[in-house]
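Visitor: Predicted model and sequence follow; I will ask about them next.
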Protein chains: 4
Amino acid sequence: MIIVCKNTASQKKIDALIEDLKAQGLETHCSTGALSTIIGLVGDTSRVDLEALEALDIAEKVQRVSEPYKLVNRKFHSDDTVVEAGGAKIGGGYFGVIAGPCSIESEDQIVSCAKAVKAAGANFLRGGAFKPRTSPYAFRGLKEKGLELLLLAKKETGLPIVTELMSLDHLDLFNDVDVIQIGARNMQNFEMLAEIGKCNKPILLKRGLANTIEEWLMSAEYIMSGGNENVILCERGIRTFETATRNTFDVSAAPLLHELTHLPVVMDPSHATGKSSLIKPLAKSAVAAGADGLMIEVHPTPEKALCDGAQSITPAAFADVMSDVKMLCHIEHKII
Amino acid sequence: MIIVCKNTASQKKIDALIEDLKAQGLETHCSTGALSTIIGLVGDTSRVDLEALEALDIAEKVQRVSEPYKLVNRKFHSDDTVVEAGGAKIGGGYFGVIAGPCSIESEDQIVSCAKAVKAAGANFLRGGAFKPRTSPYAFRGLKEKGLELLLLAKKETGLPIVTELMSLDHLDLFNDVDVIQIGARNMQNFEMLAEIGKCNKPILLKRGLANTIEEWLMSAEYIMSGGNENVILCERGIRTFETATRNTFDVSAAPLLHELTHLPVVMDPSHATGKSSLIKPLAKSAVAAGADGLMIEVHPTPEKALCDGAQSITPAAFADVMSDVKMLCHIEHKII
Amino acid sequence: MIIVCKNTASQKKIDALIEDLKAQGLETHCSTGALSTIIGLVGDTSRVDLEALEALDIAEKVQRVSEPYKLVNRKFHSDDTVVEAGGAKIGGGYFGVIAGPCSIESEDQIVSCAKAVKAAGANFLRGGAFKPRTSPYAFRGLKEKGLELLLLAKKETGLPIVTELMSLDHLDLFNDVDVIQIGARNMQNFEMLAEIGKCNKPILLKRGLANTIEEWLMSAEYIMSGGNENVILCERGIRTFETATRNTFDVSAAPLLHELTHLPVVMDPSHATGKSSLIKPLAKSAVAAGADGLMIEVHPTPEKALCDGAQSITPAAFADVMSDVKMLCHIEHKII
Amino acid sequence: MIIVCKNTASQKKIDALIEDLKAQGLETHCSTGALSTIIGLVGDTSRVDLEALEALDIAEKVQRVSEPYKLVNRKFHSDDTVVEAGGAKIGGGYFGVIAGPCSIESEDQIVSCAKAVKAAGANFLRGGAFKPRTSPYAFRGLKEKGLELLLLAKKETGLPIVTELMSLDHLDLFNDVDVIQIGARNMQNFEMLAEIGKCNKPILLKRGLANTIEEWLMSAEYIMSGGNENVILCERGIRTFETATRNTFDVSAAPLLHELTHLPVVMDPSHATGKSSLIKPLAKSAVAAGADGLMIEVHPTPEKALCDGAQSITPAAFADVMSDVKMLCHIEHKII
């Protein structure tokens, strides 16, 4: 960490600050230039409060030079984390495919969809029981009933299931869920992150609509610092000025995260673009960029979907996507 | 609502869609051009599912032409809403000033701060007991103990209090809180919005870091649709490409919201910029733009603050800001 | 095009507007709802001035429903455009690889680099003679001398050359250049676009840092409306809130542009991320997403580059990238 | 400037780098921590190439700690710059009001508009002769004829004139123009910046749609480094995810720029929002935030404007805005 002092800062105040930092157990190095004095902090600065330093009247600027996260950091954990759930694996060479409808609507819909995606090669079933919707007047999911139907589909197909937790009050209902999804809008719901860090289930942590890679890793750090090491990161598009796609699919996140962290990275082209015609090329781009898995919305009749139909594809279209995905995984030496 | 049909859409499919829409009680108007057919939906379309229409294979584009919100809409409620809490008012000509520290740290800190901001002209006291922090290693507030100290400060000064709710599990602790703040990161925590819509307390709804004005109004609609009409909107800066300020203060939000909604709009220059030197000019710009109130972080010793010190100002600096704010309110015919 | 009238608009004014539109040769359809009247314009509206309509006191909102571009539009030109330059082709199944240094620095540098990229499979040589630099104190290229060296490298290797035009005053120097690059910062230099539309050379039009797909296509329309049909679009990353990469690589642009336009799309992972370690995965993602070509910065000794060294790769690293790119092109049935 | 070395960097390579930096005349300070070595560069680093350092294989990160600009920097020029043109002044306590139509359309339009804005208190007349338009099919200005009409209006009213330069080829036509405007899309047209730095006329430099404050100041540095010290900065809204306004008006830019530079700052609420109803509140917010001037689009009949009518106001509305602006200037002790 670097503290750039104002050129008006007195030597006395600078000395006092250095004493104060040393008292916190930090080693300091001081460079005095023509225009300003720079204090470098050496050692573990992850617990140093950058904002408190910025508030000092002698500080012009404070910059971190090392990452503020530790448990998720590749530097301290060089091997890839492999997350295992219900017999399926993601990360470290294992490619996971999570597919299913946005919302669970009926037994027939979810069971038939589960069978279809399994047949095409998916190894996880997704489906929303509790749905975040921008409008209070929109369909918000079948709730408990939806979870029951999802468990039924799991029983019928043997596929492990992934579904979103929208409130800690529902946690008791999630006992038989294999992977708990934390949605984009809850990526910085810190009370929720702290709490699910205490459970032992794999967590699929979606990136917030406008959150940086660093903030996303800090949210994963929250979960890991609670003791839960089974975190899967899921890129789902970020909000930018571009309106031609619903969001902008940040494909760079996959290779960049592989440098920064040991956690597996799954990519969701359905939410990223909101356009079914773009799912195939983007799913392929994700595999080529090194992703550890995909999350794709599949609905038997997208035009009748109660939610997000425009971004869902049919089971037949999904099978076509999977055919290309498998070929690319083979080239990438990923086990699918 | 407008549905632009693909130029490949058959007349038969278009007719079937029109029949289907009519069966939902909607009136339709159809324009057939050289390149495409456009279907216009007339009447109340707030419950029509835009996404389901987008998923139709004959639809090229679907656009709303009227706002998706009703209860918060100025069109259906032309008078300004005045929110009253603990004897103080915001909106409809009443200017509210909410001031205090980011975090409650000690009895002495919060009580002395409360007295100082009251003396300078604030009519609400703010202070965080439960704090959202990006890092799991940062100070997350004094929690229950913090609320107790805040209530003590209320008792000492008579100022109504504003504090953030981070989990519905804490709601019971908020009985004596005058205004519940929903933080930027919970603006789309729909379970929380639905639940607090059932209580009767005034809600200060902060804008999400990357949420549009329309999404923000939809979140207010969630609260109002639960029956709670006491919603105050609070602009606190949005996330953009610019890094010279922590966020970008969207001052246009004040006059624009006054056109779109009857709810009062408060502005928070502290979080918007993260720089104490910018608070005075931005507080003034907010008043000049027509805001109904301000939220400002004040700390007796900003450089010792446990949180957000860089954006806090001293009681003396706050008194200086208030002197200019009062003069501008006078010009704007606002009661302060 | 749709005009939503304010609910306060008088029928007389609406009728007058409709007459006025008809006088411009447009067919109109009118839908009168409970809250507003909507006027639909049918026919070719590409020359209708949306802004003039927005300024009408009776207009609440004006929306286009069809694209404002015609010559670049896939709807009116269904076959892929193949751009040919110096014997090499891009588009319609032909995959182009443009490689070389950011700046031309010396004869030895550009000639050796040209030979190396040719050996690895590139079919175009790039190199900057005139360089846009944020700082007036930075190296701005060898200018005329640089162009001479680039032509020398062309002669030595037979590779067609691509280089950036920064001012129309330099156009005379570009006679032997095969493809003229319009840089991101000049994407909306309309005087330049209009002028190069009159020449016959292939143009590589880079996307502006913060320009939408639609604005980019409108700039291509400028060039085509001047008579020059040889336009190649080049995605190079957009500016977003994320700072972990220099820009955000919008990989969706490739498949989306293929729906909207017949022009070929090349992608530049070097400028998109500014990090050499990300070039290989992103180049692969671009091919998998359907790009028609790649633009990659290669420098014999990146750490000694006078410009953009951090995003350049060595000839050896480029050969490694090309090995994977060729395999993926084979799968995609692209001729490379 | 700080160079953070990778933890895999050998001491030998670090020593070689330090020698190399010293040979460039820089003083270095080295901090060796548990995880990495940090090299601090002391002295004038404005000519050090950050990108070349980033390309070093031993460098993990390179960060500037001081500003890359010098001539525009408040640190080296503490007094406010006052720009004078045609008898009017902007900056250092002088408030400038630049008003007029987006495009010059006819003698009657520009002369009557000039008289009206002068009567209301404007001290500069604006009007576009060469217009940047996104579509090649839109009206692009009256060009030379437009300039003639603008000069006529100057003669009639005595108001100094401000108009946009779109190509260096037109520079000869601008001899009698008082202030040359560089538009947002040319803010990084470095050839143009370098060239106009050699002339002596005041330059109004608009901020690019998606350019940071630092990039904007670097463009001003380009002009000043050519010898022209008469630069006025003009904020006109930035591109963000929000679509409710055309751009987002960055009101913080005024007070922030006053800290960073001595150059005057003018604000343009017309282009920032694209909505005439927001111009009055935003003009007022700009004055309250400390702006040195305003740029406002005024058109006798906005609904008949050939360009940007939706954001223009009538002379009567402008007089109303000016009445409030004058009162606020009085409070701010600005001479208007």
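Guide: Great, that's in hand.
Visitor: Next, the buried residues of stretch A:299-308.
Guide: Across stretch A:299-308, burial judged by 16 or more other Cβ atoms under 10 Å in any protein chain shown covers A:299-300, A:302-303, A:305-308. C-betas here are computed from N, CA, C, even on glycine.
Visitor: confidence score at the closest residue to chain C within the stretch 51-200 of chain A?
Guide: The minimum distance from the stretch 51-200 of chain A to chain C, using Cβ to the nearest Cβ, falls at A:Glu67 (10.8 Å). Per-residue pLDDT puts A:Glu67 at 88.
Visitor: nearest residue to it other than its sequence neighbours?
Guide: Leaving aside its chain neighbours, A:Glu67 sits nearest to A:Asn73 (5.8 Å; criterion: Cβ to Cβ, 6 or more residues apart in numbering or on different chains).
Visitor: contacting residues around the one you found?
Guide: By Cβ atoms under 8 Å, 6 or more residues apart in numbering or on different chains, the residues touching A:Asn73 are A:67, A:260-261.
Visitor: Quick one, which of those are buried?
Guide: By neighbour count, with 16+ other Cβ under 10 Å, the contacts of A:Asn73 hold A:67, A:260-261 as buried.
Visitor: Around chain D, which positions in chain A sit nearby?
Guide: Residues of chain A lying near chain D by Cβ under 8 Å from any Cβ of the partner chain: A:2, A:4, A:7, A:27, A:29-36, A:38, A:40, A:42-44, A:61, A:63, A:65-66, A:75, A:210, A:239-241, A:243.
Visitor: Now the buried members of those residues.
Guide: So, by 16+ other Cβ under 10 Å, the buried ones in the residues of chain A next to chain D are A:2, A:4, A:29-31, A:33, A:35-36, A:38, A:40, A:42-43, A:61, A:63, A:65-66, A:75, A:210, A:239-241.
Visitor: Keep only those of these that are in strands.
Guide: A:2, A:4, A:29-31, A:38, A:40, A:42, A:61, A:63 (DSSP state E).
Visitor: secondary structure element for A:Val111?
Guide: According to DSSP states H and E, A:Val111 maps onto helix A:107-120.
Visitor: If you could redo that for A:Leu233, that was the one I meant.
Guide: strand A:231-235.
Visitor: Format the CA atom coordinates belonging to that strand as PDB.
Guide: Output of strand A:231-235 as PDB, limited to C-alpha atoms (Å, rounded to 0.1, in the frame of the first residue of the first chain):
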ATOM      1  CA  VAL A 231     -17.600 -21.400  -4.500                       C
ATOM      2  CA  ILE A 232     -18.200 -21.300  -8.200                       C
ATOM      3  CA  LEU A 233     -18.100 -17.900  -9.900                       C
ATOM      4  CA  CYS A 234     -20.600 -17.200 -12.700                       C
ATOM      5  CA  GLU A 235     -20.200 -14.400 -15.200                       C
END
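Visitor: Contacts (any at all) between chain B and the helix or strand that it is followed by?
Guide: Next helix or strand after strand A:231-235 toward the C-terminus (DSSP H and E): helix A:253-260. No - using Cβ under 8 Å from any Cβ, helix A:253-260 stays clear of chain B, with a minimum separation of 15.9 Å.
Visitor: what's the helix or strand that comes right after helix A:253-260 in contact with?
Guide: Remark: after helix A:253-260, the chain's next helix or strand is strand A:265-267, criterion DSSP H and E. Outside strand A:265-267, the residues that touch it by Cβ under 8 Å, 6+ apart are A:90, A:96, A:98, A:204, A:232-236, A:249, A:251, A:253-254, A:257-258, A:282-283, A:286, A:291-295.
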